[in-house]
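Q: this one's structure only:
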């Protein structure tokens, strides 16, 4: 290498280092000075009035689970909340005990709903959805297998429930899926009734059907095994009838004596049809909770989970579900 080329190489190297160092800028972000958006979470169902949780949205992601775990300082009890159903405004009032807004409306199939939220010094937000039509489900058969063992011990799977037994109900269901994109959630509960009251409820079921498989859910919970979900779409049976089989445990008396047995045991099967925004949020939250949030079992090569929103200029999700519910009575 000639002397001139060596000098040129040294010059360009020094120049590149100076250019890189001159582009370094330290930025300090004061979160308090930023205009915070609004987070809105609301579900409309057939048998209860619509409840809406309203809070400020922070820069960091604050997971909202079934308990709506948001700090009291983030709540917005003075917000203005409007709910319109098919263009007609519903009555909305704030419930300080529940820390939520309650709208006097329920989910009716095909209703078009718009939720608007405004609060002083914050950007307003709104979300829209349509209530899905009632799902169509038929129970084809139910078989009781593995009869309860008299005086036997609880099964090994009963660590979180005193009412498990070795008795299973195998249920065959048929879903009649209408054309177009549809989203579902299946709930199968086993109930024990004494003195006319439901005294034990067990919300667990299993199935080997492909619609319940999600490769992202590699960590199980007390109620759900690994790779199993009860939230699914119709991608495998769009516009067709689909038959699947599920299993659930039948209630067992806490004390194995005749006087303490349940008067009635039954299984309740409920198929919910979800609006798309509600489905997207529930599915993403499930993946985040079971596969990403737990750092002990997280796959470090897993992509980050984006929690979707159907709120414009805000975060969160509003939606509705319709349902088909069947009660299957069992002999003692």
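A: Looks like it arrived, so ask away. Predicted model, so just to flag it, every value in this text is computed and none were measured.
Q: Leaving out sequence neighbours, find the closest residue to residue 206.
A: Nearest residue to residue 206, sequence neighbours excluded (Cβ to Cβ, 6 or more residues apart in numbering): residue 247, at 5.2 Å. C-beta here means a position set from N, CA and C on the backbone, and glycine is covered the same way.
Q: Now do that neighbour, the pLDDT please.
A: Model confidence at residue 247, expressed as pLDDT, equals 91.
Q: how about the helix or strand where residue 320 lies: buried residues?
A: Using DSSP states H and E, residue 320 sits within strand 314-330. When burial is assessed from 16 or more other Cβ atoms under 10 Å, strand 314-330 yields the following buried residues: 314-324, 328, 330.
Q: Could you give the bridge partners of the residue lying closest to residue 276 once chain neighbours are set aside?
A: In space, and not counting its chain neighbours, residue 276 is closest to residue 183: 6.2 Å by Cβ to Cβ, 6+ apart. Note on residue 183: beta-bridge partners by DSSP bridges are residue 233, residue 274.
Q: Provide a list of residues in contact with residue 183.
A: Applying Cβ atoms under 8 Å, 6 or more residues apart in numbering to residue 183 gives the contacts 132, 231, 232, 233, 234, 273, 274, 275, 276, 278, 279.
Q: Residue ranges in this protein under the pLDDT threshold?
A: Under the criterion pLDDT under 70, the flagged ranges of the chain are 1-36, 58-73, 146-166, 252-261, 292-305, 331-332.
Q: And the residue nearest to residue 276, how far from residue 39?
A: 22 Å (Cβ to Cβ, to the nearest Å).
Q: Equivalent analysis for residue 270, please.
A: 28 Å.
Q: Same question for residue 76.
A: From residue 76 to residue 39 the distance is 9 Å (Cβ to Cβ).
Q: what touches both of these two?
A: With Cβ under 8 Å, 6+ apart as the test, residue 76 and residue 39 both reach 54, 55, 56.
Q: State the distance from the closest residue to residue 238 other than its chain neighbours to residue 41.
A: Nearest residue to residue 238 in three dimensions, chain neighbours excluded: residue 177, at 6.5 Å (Cβ to Cβ, 6+ apart). Distance, residue 177 to residue 41, using Cβ to Cβ: 28 Å.
Q: Identify each of the strands in the stretch 101-250 of the chain and give its residue range.
A: Remark: strands assigned in the stretch 101-250 of the chain by DSSP state E, counting those that start in this stretch are 112-118, 125-130, 136-145, 168-176, 183-194, 197-202, 231-233, 241-249.
Q: For these, give me a markdown table that also has distance to residue 48.
A: Shown next, in a markdown table, are the strands of the stretch 101-250 of the chain (distance: least, Cβ to Cβ, whole Å):
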| stretch | distance to residue 48 |
| --- | --- |
| strand 112-118 | 15 |
| strand 125-130 | 17 |
| strand 136-145 | 21 |
| strand 168-176 | 24 |
| strand 183-194 | 15 |
| strand 197-202 | 17 |
| strand 231-233 | 20 |
| strand 241-249 | 24 |
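Q: and residue 287, which of those is closest to it?
A: Closest approach to residue 287 among these (Cβ to Cβ): strand 231-233, 10.1 Å.
Q: Residues touching the closest one, excluding its own?
A: Contacts of strand 231-233 with the rest of the structure, by Cβ under 8 Å, 6+ apart, involve 181-186, 211-212, 274, 279, 282-283, 286.
Q: need those residues in a markdown table with distance to residue 139, can you?
A: Below are the contacts of strand 231-233 laid out as a markdown table (distance: Cβ to Cβ, whole Å):
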| residue | distance to residue 139 |
| --- | --- |
| 181 | 25 |
| 182 | 20 |
| 183 | 21 |
| 184 | 16 |
| 185 | 17 |
| 186 | 12 |
| 211 | 17 |
| 212 | 18 |
| 274 | 21 |
| 279 | 24 |
| 282 | 25 |
| 283 | 26 |
| 286 | 26 |
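Q: Going through the residues you listed, which ones are buried?
A: 182, 183, 184, 185, 186, 211, 212, 274, 279, 282, 283, 286.
Q: Which single one of the residues you listed is nearest to residue 117?
A: Using Cβ to Cβ, the buried ones among the contacts of strand 231-233 come closest to residue 117 at residue 282, 20.5 Å.
Q: angle of the helix or strand in which the closest one is found against strand 314-330?
A: Using DSSP H and E, residue 282 sits in helix 276-287. Here helix 276-287 runs at an angle of 80 degrees relative to strand 314-330 (axes from the mean of the first three to the mean of the last three Cα atoms, to 10 degrees).
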